[in-house]
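K.L.:
missing the sequence, but the structure's below:
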């Protein structure tokens, strides 16, 4: 805590109010005439001024530089000595200034400083209390009772100091724990927002690339077909109809791309289905929408948890989407089995293939690699022009699968 403690940021303002109440009561006692007190205040004005200054010092507690804290504490000790040595009736009250001094020291210093302040407070109390005892004449008959009372009073005061010290340490420790927890929660919230923003940014980039690569291309081609048909409509209607038919095909393709993108962006892709059921749905949709023949083999003797099944589903979905868009394949083999403590996925097509040195930096392949890496798995792709493509994913399952 480097910032000084003031009224506006006082951690325990009720303690400040309690200090003022006790000091006001002490000032009131110093002002009122009590004939029963044998020794009146020698310097009531000095006592009252010291109490007022001591109370106002509670509005500012230094917590930064060590020299400032020591100087502040020295002034408090000086005021306590003035109050203790020059007051008469006020000193007969329970020595509240000493307790207030320890309370403030707990807010200013760490544990060693608090212990030293408590010890100084007890020593100051003994000095001032002894001085008052020397001024009281005692008869031999009452000396024994008086000394018993005195020792009891000193013991009670010492126990009060220990109690306040322990109480303040407990309260301050609890407050520091809450502050640390609040800071940790704030950092966690910021990290969560950063992750969310990063995920949102990546998803926006993915959607932008999808639109640019698929929908943008289809709409551009569609526009060219329509412009050509308009130009040929008067001179060659038959050829214009051919371009219009092609434009219709491109429009249908663009609509299919939009549906694929919407399906990919679903927040809960499995929709409470098992992984096997979700994959079969993907395969069925691929077969219904294209001329590709799927061959599917799934062997999962265990129920795959959501933290694994969703990334696996996304990998398969991205693979089938790439095959549909780029491979020009007529057959796809999909195999997913759980064996030897790992989940093994293999997707193979008989399409045109591609050069691995030139076509492995796309967002789709990067996304599949990232998902596999996040699960601690291994991603491998094999392809060559004219030889189709094979994607192999191995993910360790260990004890993550449930019966």
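P.N.:
Looks like it arrived, so ask away. Keep in mind that this is a model prediction, so the values were computed, not measured.
K.L.:
Can you show me the helices along the stretch 251-400 of the chain?
P.N.:
Assignment of helices within the stretch 251-400 of the chain using DSSP state H, counting those that start in this stretch yields the ranges 275-289, 306-322, 363-374.
K.L.:
Of those helices, which stretch is the most buried?
P.N.:
helix 306-322 (a mean of 20; mean count of other C-beta atoms under 10 Å). In this view, the C-beta of every residue, glycine as well, is placed from N, C-alpha and C.
K.L.:
mind listing what residue 5 touches?
P.N.:
By C-beta atoms under 8 Å, 6 or more residues apart in numbering, residue 5 lies in contact with 11, 60-61, 63, 107-108.
K.L.:
And for residue 299?
P.N.:
Contact analysis of residue 299 by C-beta under 8 Å, 6+ apart lists 336-339.
K.L.:
likewise residue 111?
P.N.:
Contact analysis of residue 111 by C-beta under 8 Å, 6+ apart lists residue 169.
K.L.:
any idea how far it is from residue 73?
P.N.:
Per C-beta to C-beta, to the nearest Å, residue 111 is found 15 Å from residue 73.
K.L.:
again, but for residue 288
P.N.:
Distance, residue 288 to residue 73, by C-beta to C-beta: 84 Å.
K.L.:
ok, back up a step: now render the contacts of residue 299 as TSV, adding neighbour count, pLDDT and distance to residue 246.
P.N.:
Compiled in TSV, the contacts of residue 299 are given as follows (neighbours: other C-beta atoms under 10 Å; pLDDT from 0 to 100; distance: C-beta to C-beta, whole Å):
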residue	neighbour count	pLDDT	distance to residue 246
336	21	94	38
337	15	93	43
338	17	89	46
339	10	85	48
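K.L.:
What is the nearest of those residues to residue 156?
P.N.:
For those, the closest approach to residue 156 (C-beta to C-beta) belongs to residue 338, at 73.6 Å.
K.L.:
That closest one against residue 301, yeah?
P.N.:
Yes - between residue 338 and residue 301 there is a contact under C-beta atoms under 8 Å: 6.2 Å.
K.L.:
Please identify every residue contacting each of those two.
P.N.:
With C-beta under 8 Å, 6+ apart as the test, residue 338 and residue 301 reach no residue in common.
K.L.:
dump the residue contacts of residue 17.
P.N.:
No contacts exist for residue 17 under C-beta under 8 Å, 6+ apart.
K.L.:
right, I mislabeled it, should have said residue 392
P.N.:
Here residue 392 is in contact with 344-346, 379-382 (criterion: C-beta under 8 Å, 6+ apart).
K.L.:
Just put the helices of the stretch 251-400 of the chain in TSV and tack on mean pLDDT and distance to residue 239.
P.N.:
As requested, the helices of the stretch 251-400 of the chain are exported to TSV (pLDDT from 0 to 100; distance: least, C-beta to C-beta, whole Å):
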stretch	mean pLDDT	distance to residue 239
helix 275-289	84	30
helix 306-322	85	34
helix 363-374	82	37
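K.L.:
Of all these, which one is nearest residue 22?
P.N.:
Comparing the helices of the stretch 251-400 of the chain by C-beta to C-beta, helix 306-322 comes nearest, at 59.8 Å.
K.L.:
Among the contacts of residue 392, find me the one that's closest to residue 201.
P.N.:
Closest to residue 201, out of all of the contacts of residue 392 and judged by C-beta to C-beta, is residue 379, at 22.7 Å.
K.L.:
Once you drop chain neighbours, what's closest to the closest one?
P.N.:
residue 372 (4.1 Å; C-beta to C-beta, 6 or more residues apart in numbering).
K.L.:
contacting residues for the one you found?
P.N.:
Going by C-beta under 8 Å, 6+ apart, residue 372 touches 311, 315, 378-379, 393, 395.
K.L.:
Could you point out the member of these that lies closest to residue 223?
P.N.:
The closest of the contacts of residue 372 to residue 223 turns out to be residue 315 (C-beta to C-beta; 34.4 Å).
K.L.:
quick one: that closest one and residue 369 touch, right?
P.N.:
No - counting by C-beta under 8 Å, residue 315 does not reach residue 369; the two are 9.4 Å apart.
K.L.:
circling back: can you tell me which of the contacts of residue 5 end up in strands?
P.N.:
In this view, the contacts of residue 5 that belong to strands under DSSP state E are 60-61.
K.L.:
Identify the farthest-apart pair in the contacts of residue 5.
P.N.:
The widest separation within the contacts of residue 5 (C-beta to C-beta) is 13.9 Å, between 11 and 60.
K.L.:
tally of neighbours for residue 297?
P.N.:
Residues near residue 297, counting by other C-beta atoms under 10 Å, number 10.
K.L.:
how many neighbours does the nearest residue to it once chain neighbours are set aside have?
P.N.:
Using C-beta to C-beta, 6+ apart and skipping residues adjacent in sequence, the residue nearest residue 297 is residue 335, 4.7 Å away. Residue 335 has 15 neighbours, counted by other C-beta under 10 Å.
K.L.:
Could you measure from residue 335 over to residue 300?
P.N.:
12 Å.
K.L.:
do the same with residue 169
P.N.:
Between residue 169 and residue 300 the distance is 57 Å, computed by C-beta to C-beta.
K.L.:
now swap in residue 306 and tell me
P.N.:
Residue 306 is 14 Å from residue 300, by C-beta to C-beta.
K.L.:
List the beta-bridge partners for residue 294.
P.N.:
Beta-bridge partners for residue 294, by DSSP bridges, are residue 332.
K.L.:
Just confirm it contacts residue 332, I think it does.
P.N.:
Yes - at 5.0 Å, residue 294 counts as touching residue 332 under the criterion of C-beta under 8 Å.
K.L.:
quick revisit: farthest-apart pair in the contacts of residue 372, please.
P.N.:
311 and 378 (13.7 Å).
K.L.:
Strands along the stretch 1-150 of the chain, start to end?
P.N.:
5-6, 60-61 (DSSP state E, counting those that start in this stretch).
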